[in-house]
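**Student:** Predicted coordinates and the sequence they were generated for:
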Amino acid sequence: MPEAAGGQAAAVVVERNNSLDGVRAIAVLLVMGVHVGFPLLQVGWLGVDIFFVVSGFLITTLLCNEYARHGRISLPKFWARRFLRLMPIYWLYVGALTAAMLLGPADHLHTLGGWTPREYILALWFYFVNLAPSGGIWTHQALALHLWSLAVEEQFYFLWPPLCVVLLRLRRPWLVGLLLVGLVLWFRQGAGLELKSNLSTRGIGIIIGSTLALYMRDRPARVLGWFASPKLRWTAVSLTVASYLVLALLCAGGRMDEMRVHQVALPWLCLLFAWVVGMLWTGPFDTLARILSWPPLAYVGRISYGIYLYHMVAQRLVWGLLLRNIESWPRIPKYALRCGLYLGITLSLALVSYNLIERRFLRIKERLR
């Protein structure tokens, strides 16, 4: 394990963790499932919060590792790496949406909640779409429905690293992380979930993941002991799966709705997600890690950004265009065909995007480490 300046143990340096790619794959499949009403995926939107936890944990861990190696953090290089990873295909997608808005019928655009179409387009390009009304500005706004989460992450990438530069000079930076978790919980309570797409409310998973990474840097021996325990590892997995299933069944039975899950269960679930992510990061490579590292699953996780970005287009293509004339079919074959085509189109778009566009920028990104 590398030593930080002053002899403090740094977080384990791992360039890529295939089991976390498996977690990403599960997260994006949950999100895809909820958008097509797949059984027991009524709360599949929690996949976004899994992404948030993973993102907060990994970004903070990598910042800690950079600080341990060099005694500093290069903010320009960090932001350049994030730019190269996220912006090329995001701007490609948003460019296509912008063209569709501007070249489509004028009556498809409206003013809503004080937002004009021009302001909405600017929000898409500059990562403020999470502040805009969720529907009504553009007739086909469902194609941008999911971009709010990318805006939340981008805002985190802009704000958190400069704060980390300060925090990593402190003796116990994770205490500040706990304070931030408390502040986010307080904001959530006061907001009444009206601002559920903001970093200060829905970003609870990012802050929890970041705080865990800071704690693991500060007390690696203790954390490694906790996470290496087979009983604790399977307890974490069992509680996570059981909590998800209980919430899904309650929502399916009409006893809870999405707002109530946000209000009551989301912080607890993010703690569980962080627990699982932390133990997968630190090892050992047990049965769970082997399952999540299964190459096809891990590869889906590796291209999950493209899957997430394009899946709403695939959903609209299948249900609204390609297979809209099969309503007379029996329910199960009709739904199975639509879901299969939806999955196939989404994966195909993500594969083409990853191999033809993203990998080129990823090679440049690796030179900036």
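**Tutor:** Okay, I see it.
**Student:** Next SSE downstream of the strand or helix carrying Ser55?
**Tutor:** For Ser55, the host element (DSSP states H and E) is helix 46-70. Helices and strands here follow DSSP H and E; after helix 46-70, the next one along the chain is helix 75-103.
**Student:** Output the contacting helices and strands for that next one.
**Tutor:** Helices and strands in packing contact with helix 75-103 are listed as helix 117-125, helix 147-167, helix 304-317, helix 359-366; criterion 3 or more CB pairs under 8 Å, 6 or more residues apart in numbering; DSSP states H and E. Every C-beta, even on glycine, is put in place using the N, C-alpha and C of the backbone.
**Student:** quick one: least confident helix or strand in this structure?
**Tutor:** Averaged element by element with mean pLDDT, DSSP states H and E, the chain has its least confident helix or strand at helix 220-228 (a mean of 76).
**Student:** packing partners for that one?
**Tutor:** helix 266-282.
**Student:** List the buried residues of the helix or strand following the helix it packs on.
**Tutor:** Sequence order places helix 287-292 as the next helix or strand after helix 266-282, per DSSP H and E. If you call a residue buried by 16 or more other CB atoms under 10 Å, then helix 287-292 has these buried ones: Leu288, Ala289, Leu292.
**Student:** What is the neighbour count of Val206?
**Tutor:** To be clear, residue 206 is Ile; Val isn't right here. Ile206 sits with 29 neighbouring residues when counted by other CB atoms under 10 Å.
**Student:** Please tell me I have it right and it contacts Leu199.
**Tutor:** Yes: assessed by CB atoms under 8 Å, Ile206 is found in contact with Leu199 at 7.3 Å.
**Student:** Find residues that contact each of the two.
**Tutor:** When contacts are counted by CB atoms under 8 Å, 6 or more residues apart in numbering, the set common to Ile206 and Leu199 consists of Val152, Phe156.
**Student:** residues of the helix or strand following the least confident helix or strand of the chain that come out buried?
**Tutor:** Past helix 220-228, heading to the C-terminal end, the next element that is a helix or strand (DSSP H and E) is helix 230-252. Neighbour-count burial for helix 230-252, with 16+ other CB under 10 Å as criterion, is recorded at Arg233, Ala236, Val237, Leu239, Thr240, Ser243, Tyr244, Leu247, Ala248, Leu250, Cys251.
**Student:** What of stretch 220-229?
**Tutor:** For stretch 220-229, a neighbour-count test (16+ other CB under 10 Å) marks Pro220, Val223, Leu224, Trp226, Phe227 as buried.
**Student:** and stretch 131-148, how far from the chain's centre?
**Tutor:** What separates the centre of stretch 131-148 from the centre of its chain is 18 Å, taken as CA atoms, centre = their mean, to the nearest Å.
**Student:** same check, this time on stretch 242-249
**Tutor:** On CA atoms, centre = their mean, the centre of stretch 242-249 falls 20 Å from the chain's centre.
**Student:** what's in contact with stretch 320-337?
**Tutor:** Taking contacts as CB under 8 Å, 6+ apart, the residues outside stretch 320-337 that touch it are Arg338, Leu341.
**Student:** Let me see the mean pLDDT of that stretch.
**Tutor:** Taken as a whole, stretch 320-337 has an average pLDDT of 93.
**Student:** got the CA coordinates for that stretch in CSV?
**Tutor:** Below are the C-alpha coordinates for stretch 320-337, written out as CSV (Å, rounded to 0.1, in the frame of the first residue of the first chain):
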residue,chain,number,x,y,z
GLY,A,320,-43.4,4.8,-30.7
LEU,A,321,-42.2,3.8,-34.2
LEU,A,322,-40.8,0.3,-34.9
LEU,A,323,-43.3,-1.8,-33.0
ARG,A,324,-46.2,0.5,-32.5
ASN,A,325,-48.6,-1.6,-34.7
ILE,A,326,-48.5,-4.8,-32.6
GLU,A,327,-51.1,-3.8,-30.0
SER,A,328,-53.4,-6.7,-31.0
TRP,A,329,-50.7,-9.2,-30.1
PRO,A,330,-50.9,-11.2,-26.8
ARG,A,331,-49.5,-9.2,-23.9
ILE,A,332,-46.5,-11.4,-23.0
PRO,A,333,-45.1,-12.0,-26.6
LYS,A,334,-45.6,-8.3,-27.4
TYR,A,335,-43.8,-7.1,-24.3
ALA,A,336,-41.0,-9.6,-24.7
LEU,A,337,-40.4,-8.6,-28.3
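**Student:** which residue is nearest the middle of this protein?
**Tutor:** With the centre of the chain defined as its mean C-alpha position, the nearest residue by CA atoms, centre = their mean is Phe51, 2.6 Å away.
**Student:** Report pLDDT for it.
**Tutor:** Per-residue confidence (pLDDT) for Phe51: 97.
**Student:** Just give the nearest non-adjacent residue to it, would you?
**Tutor:** In space, Phe51 comes closest to Ala27 once its chain neighbours are excluded; the distance is 5.2 Å by CB to CB, 6 or more residues apart in numbering.
**Student:** was I right about the one you found contacting Gly44?
**Tutor:** No: here Ala27 lies out of contact with Gly44, judged by CB under 8 Å, at a distance of 9.2 Å.
**Student:** Neighbour count: those two, which is higher?
**Tutor:** Taking Ala27 and Gly44 together and counting by other CB under 10 Å, Ala27 has the greater number of neighbours (24 against 21).
**Student:** which residues touch that one?
**Tutor:** Going by CB under 8 Å, 6+ apart, Ala27 touches Gly47, Val48, Ile50, Phe51, Val54, Ser304.
**Student:** Throw those residues into CSV and include distance to Leu269, thanks.
**Tutor:** Output for the contacts of Ala27, formatted as CSV (distance: CB to CB, whole Å):
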residue, distance to Leu269
Gly47, 11
Val48, 12
Ile50, 9
Phe51, 13
Val54, 14
Ser304, 19
